[in-house]
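Engineer: the sequence isn't on hand, but the structure is:
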Ligand code: SRM
Ligand code: SF4
């Protein structure tokens, strides 16, 4: 029998001496602003990506110059929580060491820097380290930043859920010392012969990226079903007793390749809180051993589960965990949006959620978001919580400090009174000019697109209807567009695929309605659908549910079967 050829990344990982490769040498080279092709794959495990400004590509080419390389770095911040001191340092780094001068909040509760020249990488990582922040395993074929519902209202339950998110994040970190050696100048501690370096991952790590989230119902702002592994908190009053474990979610697809599909996580059953790590390790190691290492397009956990079958996968997880799943407990899954403005927590502290359009914190002539956040961080006594909707919560504010914080937010344009219910739930990915995979605009165009949606909703008498609208520049799905009631996925400059029929709470995927259409066609279609909804919707029926009931699209029940069917 002929042996199957592994994906090239598998050889790179195996030969990298636990993620070292020749990164150190590449960093020292002043001949180019880039890393070697092999190292470009390995640096992802250290939290950053090589990019170039796509707006400038042609101009540089015409001048016979190499592309203007720079780096995007993503931090690892479990549950998205950071202190005011950390924020001030993060802000200073953006100003001093990046060309973009901005902080980008992501759809997974952390922040990114864009436009870091190679020469600044090491200083930047050292500066983060001084603030107990890092970027190890923020990207790459490992367990990445673990999300946790920021839920400041129920402070005790949040603390218990956050405890598990942080433990999952810490316990499943790679053990290699490559990051400390290369970036923090720590002595080389291990040799490539040492097989105990990575007790969980082994020398080739996972077949692909792996994502986890902890949700505290009814809030589903972390979009728990879109993760490889999700933990849905089950509480008795304010005490966390365990989780419903869901696994096999993921968004990434490739246009025109019907072997790929988005999928929502399947429900495996209830586990006690103290068994959380055992089950997480069991799911992750089954994926490590059973996942596809030949074709990276088919290597996420969702395909492993569908290929081997739910029951076989579940039995293997139970065998490795040494425990069986109990039947899932009943939970109510609700809104995926953040609650803007002030809310009061049970601990008598106040929490202010600010809408950050596209997650981009930057000073512009119309709003000085970066300066405003800095001013708040200078006086704030609580913490900051980044949300999975690219927003930020100023959490734990004493009543006496509310007025001054609100004033700072208002003066700097961080407070938006006029937010529509749909815009408040909308997200878009980064896309152009930094993302090398973007086929169309997203972050830069989305605010304007949402203006049109707001107008259409108002014109059709639907001003008070919240609709989950998401846009990405390509089908990799970084803003989770396949779980949106209106999903727009870039196909070419100015053209998108329109997906409809996901439900409001994120427990059903959407489906392709129209392909490769421009703004005018999108708006014409939505105008007709909004008018039909206005006339025919049932009481409390969401827009996505309406699209399925009236057969605008059919429901996706089993993604492998229905998404392209
Ligand atoms: Fe993503 C790749 C940005 C969340 C699915 N994602 C990329 C890259 C790194 C492009 C690349 O590979 O060179 C993008 C960098 C753009 C830039 O210039 O910053 C990128 N992804 C983002 C962020 C920043 C989008 C945002 O606007 O916030 C999000 C960072 C999250 C974080 O902090 O870790 C981001 N990416 C997601 C999500 C949403 C989620 O995880 O909840 C998904 C869909 C869920 C999933 O994983 O299936 C997602 N990104 C992808 C994929 C497709 C993976 C797949 O299974 O096919 C890629 C491409 C790949 O891995 O090959 C990708
Ligand atoms: Fe880039 Fe595509 Fe992700 Fe958008 S969805 S950030 S275009 S990879």
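Structural biologist: In hand now; what should we look at? Note that the structure is a prediction, hence the values are computed from the model and not measured. Ligands and ions are numbered 1, 2, ... in the order given.

Engineer: enumerate every residue touching residue 344.
Structural biologist: Contacts for residue 344 (C-beta atoms under 8 Å, 6 or more residues apart in numbering) come out as 153, 350-351. From N, CA and C alone the C-beta is placed, and that goes for glycine too.

Engineer: all the strands of the stretch 301-450 of the chain, residue numbers only.
Structural biologist: Listed in chain order, the strands of the stretch 301-450 of the chain (DSSP state E, counting those that start in this stretch) span 341-344, 350-354, 360-361, 383-386, 392-397, 427-428.

Engineer: what strands line up against the fourth one, and which way round?
Structural biologist: Yep, that's strand 383-386 we're talking about. Listed by DSSP bridges, the sheet partners of strand 383-386 and their directions read strand 81-82 (antiparallel), strand 392-397 (antiparallel).

Engineer: same question for the last one.
Structural biologist: Strand pairing for strand 427-428, using DSSP bridges, gives strand 469-472 (parallel).

Engineer: give me the contacts around the strand it pairs with.
Structural biologist: Outside strand 469-472, the residues that touch it by C-beta under 8 Å, 6+ apart are 422, 425-429, 431, 442, 445-446, 449-450, 453, 478-481, 483-490, 496.

Engineer: one step back: Throw the contacts of residue 344 into JSON lines and include distance to residue 84, thanks.
Structural biologist: Shown next, in JSON lines, are the contacts of residue 344 (distance: C-beta to C-beta, whole Å):
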{"residue": "153", "distance to residue 84": "21"}
{"residue": "350", "distance to residue 84": "16"}
{"residue": "351", "distance to residue 84": "14"}
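
Engineer: pLDDT score assigned to the spatially closest residue to residue 219 that is not a sequence neighbour?
Structural biologist: Take residue 219 and drop its neighbours on the chain: the residue closest to it by C-beta to C-beta, 6 or more residues apart in numbering is residue 149, 5.0 Å away. Residue 149 carries a pLDDT value of 94.

Engineer: separation between residue 149 and residue 224?
Structural biologist: Distance, residue 149 to residue 224, using C-beta to C-beta, to the nearest Å: 9 Å.

Engineer: touching both of these two, which residues are there?
Structural biologist: With C-beta under 8 Å, 6+ apart as the test, residue 149 and residue 224 both reach 214-215.

Engineer: if we can go back for a sec, winner for burial among the strands of the stretch 301-450 of the chain?
Structural biologist: Across the strands of the stretch 301-450 of the chain, the average number of neighbours (mean count of other C-beta atoms under 10 Å) peaks for strand 427-428, which reaches a mean of 28.

Engineer: quick one: that strand to chain centroid distance?
Structural biologist: 11 Å (C-alpha atoms, centre = their mean, to the nearest Å).

Engineer: pLDDT weak spots in this structure?
Structural biologist: Scanning the chain for pLDDT under 70 picks out 1-3, 188-195.

Engineer: list the contacts for the residue of it found nearest ligand 1?
Structural biologist: Nearest residue of the chain to ligand 1 (C-beta to the nearest ligand atom) works out as residue 252 at 2.0 Å. Residue 252 sits next to 260, 262, 300, 475-477 when contact means C-beta under 8 Å, 6+ apart.

Engineer: and if we set it to 6 Å?
Structural biologist: Residue 252 makes contact with 476-477 under the criterion C-beta atoms under 6 Å, 6 or more residues apart in numbering.

Engineer: and it, that one's in a strand?
Structural biologist: No - using DSSP: H, G, I helix; E, B strand; the rest coil, the assignment for residue 252 is coil, not a strand.

Engineer: for residue 244, see how far away it is.
Structural biologist: From residue 252 over to residue 244 the distance is 24 Å, taken as C-beta to C-beta.

Engineer: ok, back up a step: intersect the contacts of strand 469-472 with the contacts of ligand 1.
Structural biologist: By C-beta under 6 Å from any ligand atom, the members of those lying near ligand 1 are 429, 478-480.

Engineer: can you flag the buried ones in these?
Structural biologist: Buried members of these, counted by 16 or more other C-beta atoms under 10 Å: 429, 478-480.

Engineer: just these that are near ligand 2?
Structural biologist: Counting by C-beta under 6 Å from any ligand atom, the members of those near ligand 2 are 429, 478.

Engineer: got the buried ones among the ones next to ligand 1 among the contacts of strand 469-472 as a markdown table, with secondary structure columns?
Structural biologist: Below are those laid out as a markdown table (three-state DSSP):
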| residue | secondary structure |
| --- | --- |
| 429 | coil |
| 478 | coil |
| 479 | coil |
| 480 | coil |
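
Engineer: got a markdown table for the buried ones among the ones next to ligand 1 among the contacts of strand 469-472, with distance to residue 122 too?
Structural biologist: Compiled in a markdown table, those are given as follows (distance: C-beta to C-beta, whole Å):
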| residue | distance to residue 122 |
| --- | --- |
| 429 | 28 |
| 478 | 27 |
| 479 | 31 |
| 480 | 33 |
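
Engineer: quickly find the element holding the residue nearest the centre of the chain.
Structural biologist: Nearest to the mean C-alpha position of the chain, counting by C-alpha atoms, centre = their mean, stands residue 108 at 3.0 Å. Assigned by DSSP states H and E, residue 108 falls within no helix or strand.

Engineer: my guess is it contacts residue 148, does it?
Structural biologist: No - look at residue 108 against residue 148 with C-beta atoms under 6 Å: they stay out of range, at 10.8 Å.

Engineer: picking that back up, and the gap between the residue nearest to the centre of the chain and residue 356?
Structural biologist: Per C-beta to C-beta, residue 108 is found 15 Å from residue 356.

Engineer: got the domain boundaries for this structure?
Structural biologist: Following the assignment in automatic domain parsing, the chain carries domains at 1-7+143-336, 341-411, 425-562.

Engineer: report the distance from the last one to the chain centre.
Structural biologist: The chain centroid and the centroid of domain 425-562 are separated by 18 Å, computed with C-alpha atoms, centre = their mean.

Engineer: same check on the longest one?
Structural biologist: Domain 1-7+143-336 has its average C-alpha position 14 Å from the chain's average C-alpha position, going by C-alpha atoms, centre = their mean.

Engineer: now do the second one
Structural biologist: A distance of 21 Å separates the centroid of the chain from that of domain 341-411, by C-alpha atoms, centre = their mean.

Engineer: close to ligand 2, is it?
Structural biologist: No - figure legend: domain 341-411 not in contact with ligand 2 (C-beta under 6 Å from any ligand atom); closest approach 11.2 Å.

Engineer: no further queries at this time; thank you.
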